[in-house]
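In: Need coordinates for the following:
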Amino acid sequence: MIFKVYYQETKVQVPVRENTKTMYVEAETQREVRKKLQDRNYNIEFIQQLEGEHLEYEKASEHFELEQV
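Out: Down below sits the predicted model:
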């Protein structure tokens, strides 16, 4: 499955929507996504599972790139 992760670059940074970044991660569960990213100092705001038409829409975006973790 593909997950879209919304995050801030550091855990001490106050979450501000304009500063939120996204990445795409392939994993079986949201827990596995968090485990894969635990060594990075990210403040993960939300993890969204992408499937069906939503996934196809995201893949069509120029920003879609699976993170290698």
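In: What's the mean pLDDT across the helix or strand hosting Glu53?
Out: According to DSSP states H and E, Glu53 maps onto helix 52-60. For helix 52-60, mean pLDDT rounds to 95.
In: can you pull the buried residues of it?
Out: Leu55, Glu58 (16 or more other C-beta atoms under 10 Å). Glycine gets a C-beta too; all of them are placed from N, C-alpha and C.
In: With stretch 1-15 instead?
Out: Ile2, Phe3, Lys4, Val5, Tyr6, Tyr7, Gln8.
In: same question, stretch 12-26
Out: Buried residues in stretch 12-26 (16+ other C-beta under 10 Å): Met23, Tyr24, Val25.
In: quick one: which of those sit in strands?
Out: The members of the buried residues of stretch 12-26 that map onto strands under DSSP state E are Met23, Tyr24, Val25.
In: quick one: the residue lying closest to the second one once chain neighbours are set aside and Thr10, what's the gap?
Out: Okay, so that is Tyr24. Leaving aside its sequence neighbours, Tyr24 sits nearest to Leu66 (C-beta to C-beta, 6 or more residues apart in numbering; 5.2 Å). As defined by C-beta to C-beta, to the nearest Å, Leu66 lies at a distance of 23 Å from Thr10.
In: do Lys21 as well
Out: Applying C-beta to C-beta, the value for Lys21 to Thr10 is 11 Å.
In: next one: Ile44
Out: With C-beta to C-beta as the criterion, Ile44 and Thr10 are 12 Å apart.
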